[in-house]
Every structure is written in C-alpha cells, then in structure tokens.
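Undergrad: Build me a model:
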Amino acid sequence: MANWVKTGEHRQARERAMTDFASDGSEHSHGPRPPWFFSGAINDSDHAGCPAEGCPPNQETPDCGGTDETCKRTFYTPHMEDTLRRRLKYHFMTPCQKWTAKRRFPWKMIVQLLKIIMVTVQLVLFGVDRSAHVTFLEKSDIAFKHLFLQGWDPAYETVPYPAPLGKFAVYKHSDFYAKLNFAWKMYHEAWPDAIGVYDAPRVNSTVDEPMVLCKTYFEVGDVDPASGSYNFDLDPVSSCFQLQRTMTHFNTTTNKTEYTYDIEKYLASINESINFDTLMKVEAKFSLRSIHLKNFDLRKNEAECFQFDIDILFDNTGYNGQVPVKLLSTPNTFACRGKINNHGEVSHVVRNLIIFFDGLVILISTISGCLCIRSLYRSQKLRKITAVFFKKQRQVTLTWEDHLEFLNFWYLLIIVNDVITIIGSGCKIMVEAERYSQSAGVQISTTIFNIDYYEICGLTLGTGSLFAWFGILRYLSFFEKYNILILTMKKSFPEVIRYLICALMFFFGFVFCGWVVLGPYHVKFRSVSTASECLFALMNGDDIFETFAIIDPKLVNSNIWFFSRVYLYVFNSLFIYVVLNVFIALLTNAYECIKKSDRYACMISHLC
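TA: Residues are numbered from 1 along each chain as shown. The predicted structure follows:
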C-alpha cells in the first residue's frame with residue numbers, strides 16, 4: 001500500500017494533483033470529489049449492466065458469464081484513484097508538510113505545547129504544596145517518637161541501609177514496663193514542654209481521652225525450656241482496656257496534681273496481667289490533635305487541623321527474645337474553627353487563581369483529547385475507504401501492518417494523558433476548594449478533605465505530566481536529526497523484548513536462589529523484593545564490595561560463605577560482562593543501521 005501511495009502512472013501528474021490539492025483542497029481539476037469517497041461504502045447491487053469501458057465510479061461490469069472472480073470487479077476512474085492517493089499522502093504528512101501543502105494551521109501541536117506548559121506549572125505548584133504537607137507529617141511522626149519512646153535516638157531516623165544502630169527494641173520485662181509507663185506519662189504531661197502544637201482530645205473541657213492498651217496473646221500456653229515441653233492453643237485472642245491514671249497528691253510547690261503511671265500495678269488492680277510466654281503483641285493507642293500553619297510566605301494563609309491516631313506497638317511475634325518497638329501515626333483531618341486576621345485580599349485572589357488555573361488545565365486537556373479523538377476517527381474512515389479500494393480494484397486484502405499504519409499510537413498516548421490529567425486536576429480542585437473554603441472570610445473548613453486525595457493527585461498529575469512530555473516527542477520525530485532516538489528504540493524494540501525475556505530467566509533464577517540460600521545470613525537478601533533490588537544494583541556496579549563483605553566467615557557456615565562468593569562472582573561476570581554488553585550491542589546495531597540508511601529505513605541486517 002505504501003508503494004502505491006508513493007508511485008503513480010506519471011510523476012508530473014502527481015505533482016499537478018498535489019498542487020491542485022494544496023491550492024483548493026475540496027475540488028480537483030477533474031471535478032468535485034465523488035460522494036462515495038467519504039461514505040466509505042460501496043454498494044455492489046447498483047452497478048449491474050454498465051459497459052466496462054465507461055463504467056461510472058463505484059459500479060461493476062456486467063456479468064460476463066464466466067466463473068473467474070476477476071471477471072466481475074469494480075473500476076475506479078484515474079481521477080478517483082489519484083484522489084485517494086493524494087488523500088493518503090496528505091494523511092501521512094507532518095504538520096509542517098501540511099502547512100506547506102494546504103496552509104493548514106497545526107492546532108494540535110499548538111494545543112500540546114500549551115498543555116505541557118500549563119501541566120508543568122500546575123505540577124510545580126502542587127509539588128510545593130504537597131512537599132510542605134508531607135514534611136509536616138514526617139516531622140510530626142519524628143516528634144512523636146522523641147516524645148513517647150523512651151531512649152529514642154536520632155540515629156534511628158537515618159535510611160535503613162547501612163543502619164548505624166540496631167533495632168529499637170526491648171529485651172527485659174523492666175524495660176518493657178518502663179517504656180509503657182513513659183509513653184503513658186508523656187501522653188498526659190508532655191504538652192506544656194513540647195515545642196510542637198499538640199494536645200489530646202478531650203472527653204470534656206478538662207479531662208483528656210484515656211490511653212487504650214490492647215494485648216494479643218494465646219489464651220492457652222505453657223512453655224518449659226528446661227524440659228523442652230510446650231502446650232499452645234493457636235487461636236490468639238485480644239483484649240483492650242483504658243488506662244486511668246491515679247492521683248497521688250497535690251504539689252503545693254508547683255501547684256499541680258501529681259499522678260502515678262505504673263502499668264504493672266494498674267493491671268494488677270483490674271485483675272489483668274501480661275504473660276510474656278504467650279504474648280504476641282501489645283499496643284498502646286491514643287490520639288493527638290495539631291494545627292498546621294503553612295504558606296504564609298506565599299500569602300495563601302492556610303491552616304489545616306489534624307488528628308493523629310498513634311499506635312505504639314511492641315511486637316513479640318518472633319518469640320526470639322527481641323521485642324521491636326514501633327510508633328505508627330495515622331493522620332486524619334477534621335474541621336478547623338478559627339480565623340486569620342488581616343489576611344487581606346491577596347490570599348483570596350491567590351486561592352481563586354489557583355482553582356481557575358486548574359480549570360483551564362481541564363479545559364485544554366479536554367480540547368486536546370477531542371482533537372485527537374477526531375483525528376483517530378478520521379483515520380479509521382480513511383482506513384475503511386482504502387481497504388475497500390484495494391479489495392475491489394486490486395483484489396488485495398490489507399495486512400494488519402497496513403491497518404496499523406492508520407492507528408496513531410501517539411494520539412492514544414495523548415488521550416490517556418488527557419484523561420489522567422483531567423482526573424488529577426478535578427481531584428486537585430476538590431482539595432483546594434475544600435481546604436480554602438471560607439465562610440464570610442473567617443471559617444476554614446476541611447471536613448470533606450481526605451489525606452488520600454493528596455496521593456491521588458500526586459499519582460495522576462505526575463503520570464499525566466510524564467505522558468505529556470512523552471507526547472511532545474511525536475513532534476520532534478518529524479525532524480530527522482531529532483528522530484534518531486525514537487527510531488532506534490522502535491527498530492530495536494522486538495529484538496530487545498526477546499532478549500530481555502531470556503535475560504529475565506537468568507535474573508529470576510539468581511533472585512530466588514539468593515533469597516533461599518543467602519537470605520538468613522545477608523540483609524540484602526531477606527526477601528524476594530530486596531534480593532531483586534540488590535542484584536539489579538550489582539548489575540550496575542553498585543555496592544559490590546559491601547555485598548561481599550556483609551557475610552562474615554566467622555559467623556556463618558563455611559559452605560554458605562563459599563557459595564556466596566561463587567554466586568556473586570558468577571552473577572557479576574554474567575550480567576556485567578555479557579548480558580549488559582549484548583543489550584547495548586542490540587541498541588548500537590539498530591542505531592548504526594538507521595544512521596547509515598538514506599531514509600532512516602534499515603536494510604542492513606535481519607535485526608533491522
């Protein structure tokens with residue numbers, strides 16, 4: 001089909017046809033375009049009885065009485081055939097070529113350029129706001145650990161690897177109760193000394209909500225390490241109870257009421273206890289409230305009210321003598337009641353402009369999607385007309401490759417991008433409107449706002465921006481000097497996929513082997529996920545020495561140590577020197593093939 005589009009009976013006739021097409025676009029020098037050309041359908045029942053020499057367009061010759069299928073076919077006039085050829089040629093032109101041929105303004109290109117600017121600006125504004133939001137939640141979580149976890153050290157706040165300290169855990173009964181008592185006391189008494197704006201929810205104006213202690217344990221359990229006997233009922237049960245502090249006396253020096261915080265004694269007073277032989281976990285649960293003031297330097301004057309549901313977990317499910325201690329905080333929003341004095345008109349205008357800008361992004365994305373859908377629809381109409389022509393005139397059925405020539409995958413990518421951007425922008429408008437809504441200029445309401453909206457907005461806006469930038473590559477591909485990357489990826493894609501399938505067989509074999517054999521002794525192979533991440537990093541030459549050095553021959557079996565050396569040497573040699581280099585060779589071969597060809601059509605090797 002492509003050769004038919006590019007060739008004709010006479011080169012000069014084609015050039016004259018293109019000149020007429022460019023100057024007029026609706027009519028040819030031979031007359032107006034026939035109506036059948038745009039309908040995409042040919043009715044064979046209307047063509048009987050006309051002579052072969054003068055058969056009008058879209059009509060058949062009379063039945064010649066033979067059995068040969070070629071005796072009965074549709075004839076197209078030279079004008080109709082040339083018109084279809086010109087229409088196909090125009091369809092596959094670039095925007096610059098269409099401008100030269102017909103002075104058609106590249107609306108879709110302008111819309112895409114405008115959209116990528118607006119989407120990027122929107123993403124930057126959201127990123128700044130989300131960064132402040134996430135930073136507040138992270139810093140609050142760290143503050144809670146310093147306030148409620150006895151013995152917490154800033155070294156625990158570093159990245160997991162390499163860990164400067166061991167796990168934050170307890171190993172003795174006394175330490176367990178000491179940490180619980182400390183958290184209980186700080187929950188009621190830390191607020192005057194805490195720098196952050198925190199307080200506990202109130203049952204009434206003076207009484208804080210009590211802390212709740214929950215324990216999960218085996219109801220039946222008996223362990224005797226000396227004799228090696230045990231008896232367990234493997235159906236865990238849970239029980240929770242409120243911790244009510246006990247007043248001791250009133251301190252006249254500080255003018256404060258003194259309370260005692262002793263978990264062990266309190267449990268005994270309510271006929272409860274903790275049996276560490278059957279204990280699975282203990283959780284201390286309570287809530288805190290805080291107000292986050294932000295973006296005052298941007299004159300947006302925002303305030304958010306959070307309730308943090310905190311869970312201090314003592315996890316004994318490992319039954320190995322170490323009880324890791326974790327603090328988990330879950331933020332939720334609630335309606336604020338307050339006002340910001342002297343906020344002026346600037347903050348109100350800024351808020352409205354942000355929402356208006358998000359609406360413009362939705363509008364430009366809708367226009368972009370509609371233009372691409374219209375282009376896809378027109379392409380499919382032309383595909384059907386072309387398929388009918390080749391079927392009737394040439395007795396040729398178009399292949400799947402020919403049909404796919406009419407499907408522009410760039411348009412599909414842009415449509416997906418527009419849908420994602422519209423969803424993200426709509427969600428962002430909901431967040432902005434709910435957070436910034438004010439009643440009579442004083443009320444800030446965040447009742448409906450959910451923190452998960454931030455994650456949805458971040459996911460959709462980030463993905464939409466990624467696809468928007470990818471969509472711009474389509475217009476760069478119209479220039480040969482900028483198209484080399486896309487053509488190289490396109491030409492090498494089938495071979496690369498087949499090669500990666502084979503390489504993945506090697507990779508997953510090493511992953512599962514390393515996880516099973518080295519996992520108990522190597523921190524980087526403790527799970528399938530970390531093992532695959534470790535091997536992928538090794539493939540790129542990252543942390544090779546540390547991976548070798550983590551396994552100490554003094555602490556593991558000599559067979560395991562020897563296996564780890566062979567395993568790592570073989571993996572590094574295979575993937576660094578063989579797999580990666582062959583992968584690069586595939587791309588290099590495709591690149592050289594395209595670079596040397598006259599029309600970026602590779603004809604040098606079977607790969608191309």
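
Undergrad: Quick check: closest non-adjacent residue to residue 123.
TA: With sequence-adjacent residues excluded and distances taken as C-beta to C-beta, 6 or more residues apart in numbering, residue 123 is closest to residue 465, at 4.8 Å. No exception for glycine: its C-beta is placed from N, CA and C like everyone else's.

Undergrad: Could you list every helix and strand that the strand or helix carrying the one you found packs against?
TA: Assessed by DSSP states H and E, residue 465 sits inside helix 452-476. With contacts taken as 3 or more C-beta pairs under 8 Å, 6 or more residues apart in numbering; DSSP states H and E, helix 452-476 sits against helix 107-148, helix 409-436.

Undergrad: how far does the shortest one sit from the chain's center?
TA: Computed by C-alpha atoms, centre = their mean, to the nearest Å, the separation of helix 409-436 from the middle of its chain amounts to 14 Å.

Undergrad: what angle do that helix and helix 107-148 make?
TA: When axes from the mean of the first three to the mean of the last three C-alpha atoms, to 10 degrees is applied, the directions of helix 409-436 and helix 107-148 differ by 50 degrees.

Undergrad: Leaving out chain neighbours, which residue sits closest to residue 267?
TA: Counting by C-beta to C-beta, 6+ apart, residue 273 is the residue found nearest to residue 267 once chain neighbours are left out, at 5.7 Å.

Undergrad: Residue 266 is in contact with that neighbour, correct?
TA: No - applying C-beta atoms under 8 Å as the test, residue 273 and residue 266 come out as separate, 10.9 Å apart.

Undergrad: Can you give me the neighbour number for residue 468?
TA: Residue neighbour count, defined by other C-beta atoms under 10 Å, stands at 25 for residue 468.

Undergrad: So it versus residue 455, what's the distance?
TA: Residue 468 sits 20 Å away from residue 455 when distances are taken as C-beta to C-beta, to the nearest Å.

Undergrad: again, but for residue 470
TA: With C-beta to C-beta as the criterion, residue 470 and residue 455 are 23 Å apart.

Undergrad: and residue 188, what pLDDT?
TA: Turning to residue 188, the model gives it a pLDDT of 87.

Undergrad: Correction: the previous question concerned residue 416.
TA: According to the model, residue 416 scores 94 on pLDDT.

Undergrad: and it, what does it touch?
TA: Contacts for residue 416 (C-beta atoms under 8 Å, 6 or more residues apart in numbering) come out as residue 467.

Undergrad: do the same with residue 412
TA: With contact taken as C-beta under 8 Å, 6+ apart, residue 412 is in contact with residue 376.

Undergrad: do the same with residue 578
TA: In this structure, residue 578 makes contact with no residue, judged by C-beta under 8 Å, 6+ apart.

Undergrad: what sits against the residue most central in space within the chain?
TA: The geometric centre of the chain, computed from its C-alpha atoms, lies nearest to residue 459 (C-alpha atoms, centre = their mean), at 5.2 Å. With contact taken as C-beta under 8 Å, 6+ apart, residue 459 is in contact with residue 424.
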